[in-house]
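K.L.:
Predicted structure and sequence below. I'll ask about it afterward.
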Amino acid sequence: MAVIEIANLMKRYGELTAVADVSFSVEDGEIFGIVGPNGAGKTTTVECVEGMRAPDSGTVRVLGLDPRRERAAVRRYLGIQLQSSELPARLKVWEALDLYSSFYPEPADWKRVMAEVGLEDKRNTAFGKLSGGQKQRLSIALALVGNPRVAVFDELTTGLDPQSRRDTWALIRSIRDRGVTIILVSHFMDEAERLCDRLAVLRAGRLAALDTPAGIVANASVPGVDRPTLEDAVLALTNDPR
Ligand SMILES: Nc1ncnc2c1ncn2[C@@H]1O[C@H](COP(=O)(O)OP(=O)(O)OP(=O)(O)O)[C@@H](O)[C@H]1O
């Protein structure tokens, strides 16, 4: 079953066409990655899924609902990762979780979510005193506290040390194993390869490829490289002057 369906999405900012024509579906229980260079339209695409931007044309459906016209209903099903700078510095970890869970009609038990992301021992710590990795884990917890069917993570592990990145990947897998469908916007090809079931590769607002990471590598034509990596394949697709 498709949880998210995007058909011929187009979005302009004035003269600039950020998303020209993008179509894909995300299946229930997938970890679906969106990759591509800066400015390719990744964030704009997920903002249309979240209902934060109105498409100029095309359709977006989340569990069959229109994220603009049925925004309140869609918000109940979607967990969105905050940019970590968006929380007040003095808010404590438990207060943030308690506050966010109050926004949802059927929230998860925030104490369980706090334990799942490994922040129990920081429950009384103010947001401003957390390390970068702990802030990131709190932002993941806040995306999960509403008990979402779909969670959207944009640049999940940017700025994290190698161990924290691996811990975050394990956390994302365990969230998926609980039945949450995940959309991940990433610049890290190792992350996309290890975590994602399928990838949409965007280039200048269009789909350059839609396949499993292994499928993208297998179909890549990277001149002069015998055994291309996913990064080689994605760079070849997104640098193609066609
Ligand atoms: N609010 C806005 N107003 C005007 N132009 C915008 C706005 N948001 C994004 N853009 C432009 O739209 C294009 C696509 O931006 P978008 O943020 O969707 O790309 P992205 O693939 O997420 O890039 P990045 O990897 O740098 O985050 C870019 O050229 C960007 O400058």
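P.N.:
Arrived safely, thanks for sending.

K.L.:
Quick check: residues of this structure near the ligand?
P.N.:
Neighbours of the ligand within the chain, by CB under 6 Å from any ligand atom: 13, 16, 18, 36, 38-44. Yep, even glycine has a C-beta here, placed from its N, CA and C like the rest.

K.L.:
ok, now with 5 Å
P.N.:
13, 18, 38-44 (CB under 5 Å from any ligand atom).

K.L.:
Just the ones of those residues in helices?
P.N.:
42-44 (DSSP state H).

K.L.:
most surrounded residue in those?
P.N.:
Lys42 (26 neighbours; other CB atoms under 10 Å).

K.L.:
Gly146 and Leu97 touch, don't they?
P.N.:
No. If you go by CB atoms under 8 Å, Gly146 and Leu97 don't touch, sitting 11.0 Å apart.

K.L.:
now for whatever helix or strand Ala208 lives in, which elements pack on it?
P.N.:
In this structure, Ala208 sits in strand 206-211 according to DSSP states H and E. If contacts are counted by 3 or more CB pairs under 8 Å, 6 or more residues apart in numbering; DSSP states H and E, strand 206-211 sits against strand 16-27, strand 198-203, helix 230-239.

K.L.:
which residues are contacting the second one?
P.N.:
Yep, that's strand 198-203 we're talking about. 22, 24, 30, 32-37, 40-42, 45, 192, 207-213, 216, 234, 237-238, 240 (CB atoms under 8 Å, 6 or more residues apart in numbering).

K.L.:
Any quick ChimeraX command for the buried ones out of those residues?
P.N.:
In ChimeraX syntax, the buried subset of the contacts of strand 198-203 is picked out as below (16 or more other CB atoms under 10 Å):
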select :22,24,30,32,33,34,35,36,40,41,42,45,192,207,208,209,210,213,216,234,237,238
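
K.L.:
Report all helices and strands that the top helix by length along the chain contacts.
P.N.:
Longest helix in the chain, counting residues (DSSP H): helix 162-177. Counting contacts by 3+ CB pairs under 8 Å, 6+ apart, helix 162-177 packs against strand 31-35, helix 132-144, strand 181-185, helix 189-195.
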